[in-house]
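Trainee: okay, here's the prediction I keep looking at, along with the sequence it came from:
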Amino acid sequence: MTGGTRRSLEILDRFALFWDGLVVDVPPHSATLVAHLAVLDRPVHRSTVAGTLSPALTERRALGALRSALYRIHVPVVETDGDFLCLAADIRVDLRDAIALARGLIHATQPPEQIEPALDILGRELMPNDDAIWIEAERHHFRHLRLSALDALAARLTDQWRFAEAVEAAQLAIKVEPVSESAEATLIRALVAEGNAAMARREYEEFARRLWHDLHVRPTRGFDELLDTTSSHALVTAPSRGGGPGVTPR
């Protein structure tokens, strides 16, 4: 990300601020402030920011902690407008790039020629080492968006008979959310379409065990019927060696 702009912020998988080609050392509380403004992506009243970042403190002390966090940032990454704070407008943020990518994949009718860049950025977690209360809702929202994008990508790839790539995208979706029925269903469809019915059966059984172990629930009836329905009716067929449509072996 640093090669395309001289001022950028990374908050996926890690915190890193780049300013005019240099890495900026940002203290932890200041980094949390910068990340918070980047996630919100809009001006926020300083009292709201202070209360969110320091919920255990009184308003006076929280505002003092906010002033300290701002003082310790040695580049103008935060802009002020009266009592409102926001991230500087000229900073590129990897989270915003990832959100735009995910939304594009959800609405696309064709998969990209190369899926590696998409898998790379959609495989990243939002500030995984931060356990602040405010980040949980944002992390959940971003995880759901990534999951939807990867499900859509895997489905489009399956439609295009790019089964190995579809399996890869679906497996990443499961890594993002291990108990997602939609992701597991997409993977099973891709495996069956690829001709790997045995692997699809094993995935199904492993998912059912994982669901019971983690949540003490069983797959829905529709998911239970998926493997047999997909295998029996061959909803997706692979091309034959001669280039025409073929039938996926069971």
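Mentor: Good, I have the coordinates.
Trainee: out of the helices and strands in this structure, which is least certain?
Mentor: Lowest by mean pLDDT, DSSP states H and E among the helices and strands of the chain is helix 221-233, with a mean of 68.
Trainee: where does the chain dip in pLDDT?
Mentor: Low-confidence segments of the chain, defined by pLDDT under 70: 1-5, 227-250.
Trainee: would you map the strands across it?
Mentor: Counting by DSSP state E, the chain has strands at residues 7-10, 16-19, 22-24, 44-45, 78-81, 84-87, 92-93.
Trainee: name the helices or strands packed onto the fourth one?
Mentor: Read it as strand 44-45. Secondary-structure packing of strand 44-45 (3 or more C-beta pairs under 8 Å, 6 or more residues apart in numbering; DSSP states H and E): strand 84-87. Any C-beta I mention is one placed from the backbone N, CA and C, and that applies to glycine too.
Trainee: so for the strand it packs on, what gets flagged as buried?
Mentor: For strand 84-87, burial by neighbour count (16 or more other C-beta atoms under 10 Å) applies to 85-87.
Trainee: so what does the longest helix seen in the chain touch, helix or strand wise?
Mentor: Looking across the chain with DSSP state H, the single longest helix is helix 133-159. Applying 3+ C-beta pairs under 8 Å, 6+ apart, we find helix 133-159 packed against helix 28-40, helix 94-107, helix 116-122, helix 163-176, helix 181-194.
Trainee: just those helices: most buried one?
Mentor: helix 181-194 (a mean of 24; mean count of other C-beta atoms under 10 Å).
Trainee: CA atoms only: put that one into PDB for me.
Mentor: Only the C-alpha atoms of helix 181-194 are listed here, as PDB (Å, rounded to 0.1, in the frame of the first residue of the first chain):
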ATOM      1  CA  GLU A 181     -23.200 -22.100   6.900                       C
ATOM      2  CA  SER A 182     -23.200 -19.900   3.800                       C
ATOM      3  CA  ALA A 183     -19.400 -20.200   3.500                       C
ATOM      4  CA  GLU A 184     -19.400 -23.900   4.100                       C
ATOM      5  CA  ALA A 185     -22.300 -24.400   1.500                       C
ATOM      6  CA  THR A 186     -20.300 -22.400  -1.100                       C
ATOM      7  CA  LEU A 187     -17.200 -24.600  -0.400                       C
ATOM      8  CA  ILE A 188     -19.300 -27.800  -0.700                       C
ATOM      9  CA  ARG A 189     -20.800 -26.700  -4.000                       C
ATOM     10  CA  ALA A 190     -17.300 -25.800  -5.400                       C
ATOM     11  CA  LEU A 191     -15.900 -29.200  -4.300                       C
ATOM     12  CA  VAL A 192     -18.800 -31.100  -5.800                       C
ATOM     13  CA  ALA A 193     -18.500 -29.100  -9.100                       C
ATOM     14  CA  GLU A 194     -14.800 -29.800  -9.100                       C
END
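Trainee: cool, thanks, signing off.
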